[in-house]
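Engineer: have a look; sequence and predicted model below, questions after that.
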Amino acid sequence: MRSMVLKDLYNISRNVRSIAFVLVVLMCLIPTTGMGGYTFISAIMCSMTIITTFSFDDSSKWTRYALIMPITKKELVTGKFIVLSIFCLVGSVFGLAISALGGILLKSAEFDVKTLLFTAMSAFLIAISAGALSIPLVFKFGAEKGRILLIVSFAVPVALCFGVYKLLEFSGIAITDGLILCTPILVFIWCFIMYRISCSVFEKQEC
């Protein structure tokens, strides 16, 4: 398992400069999106790189080779979800660091440690939810078609979160700290469902 995760991290390390360049350029959007908005952008962009790892696997025919070894399809799927978690964590922490630095340097009124930490956690949860949906799509349709469906995988979690928020607001249910603390549990359940779907889809495929 460890070797599969390291393999994806090594492959994506060749694109680190490109990803970092894009994230630096996107800092120009901070005056428009705000510091919190940049944290979301950073987390989601890093989450999207999980598709790139599938492209590397396809180009090198890694999956076919891996299954010759004592590696199960379930372990391959598990490795992808672990890598996704790492990408989302890195993106959220990077966005948090840049937002905090920007708040300090600009002496922005938005700067508040508690708010920034909450934003980073929210960005991580949304990014990993979207990335988790993209994994079964890629297993089903392949990396190239998966890129086309990428917008769907990222729009659905955002739409669900917005829909739940509006439903609670319409029902007059206050968003309490307890309700917020339940969000990571719901995201974990969502990711587990996506994991099971990914395993099911991948098991039926002939590699």
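Structural biologist: Perfect, I can see it now.

Engineer: need the helices for this structure, in chain order.
Structural biologist: For the chain, the helices defined by DSSP state H cover 2-13, 16-25, 30-48, 50-60, 62-66, 73-106, 113-148, 150-171, 177-203.

Engineer: turn those into CSV, columns for mean neighbour count and mean pLDDT.
Structural biologist: (C-beta placed from N, C-alpha, C; glycine too.) Converted to CSV, the helices of the chain look like this (neighbours: other CB atoms under 10 Å; pLDDT from 0 to 100):
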stretch, mean neighbour count, mean pLDDT
helix 2-13, 15, 79
helix 16-25, 12, 73
helix 30-48, 21, 75
helix 50-60, 18, 83
helix 62-66, 16, 77
helix 73-106, 19, 86
helix 113-148, 20, 82
helix 150-171, 13, 67
helix 177-203, 14, 84
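
Engineer: for the residue nearest to Ile19 when sequence neighbours are not counted, give me the pLDDT.
Structural biologist: Closest residue to Ile19 apart from its sequence neighbours, by CB to CB, 6 or more residues apart in numbering: Thr49 at 6.6 Å. Predicted confidence (pLDDT) for Thr49: 87.

Engineer: how close does Thr49 sit to Lys7?
Structural biologist: For Thr49, the distance to Lys7 (CB to CB, to the nearest Å) stands at 14 Å.

Engineer: just Val187 next, same as before
Structural biologist: 26 Å.

Engineer: what of Thr72?
Structural biologist: 16 Å.

Engineer: could you count how many residues lie near Lys204?
Structural biologist: 10 (other CB atoms under 10 Å).

Engineer: contact partners for the nearest residue to Ser85 once chain neighbours are set aside?
Structural biologist: Sequence neighbours aside, Ile128 is the residue nearest to Ser85 in space, at 6.3 Å (criterion: CB to CB, 6+ apart). Taking CB atoms under 8 Å, 6 or more residues apart in numbering, we find Ile128 in contact with Ser47, Leu84, Ser85, Cys88, Val187, Cys191.

Engineer: ok, 10 Å please
Structural biologist: Taking CB atoms under 10 Å, 6 or more residues apart in numbering, we find Ile128 in contact with 43, 47, 50, 81, 84-85, 87-89, 91-92, 157, 184, 187-188, 190-191, 194.
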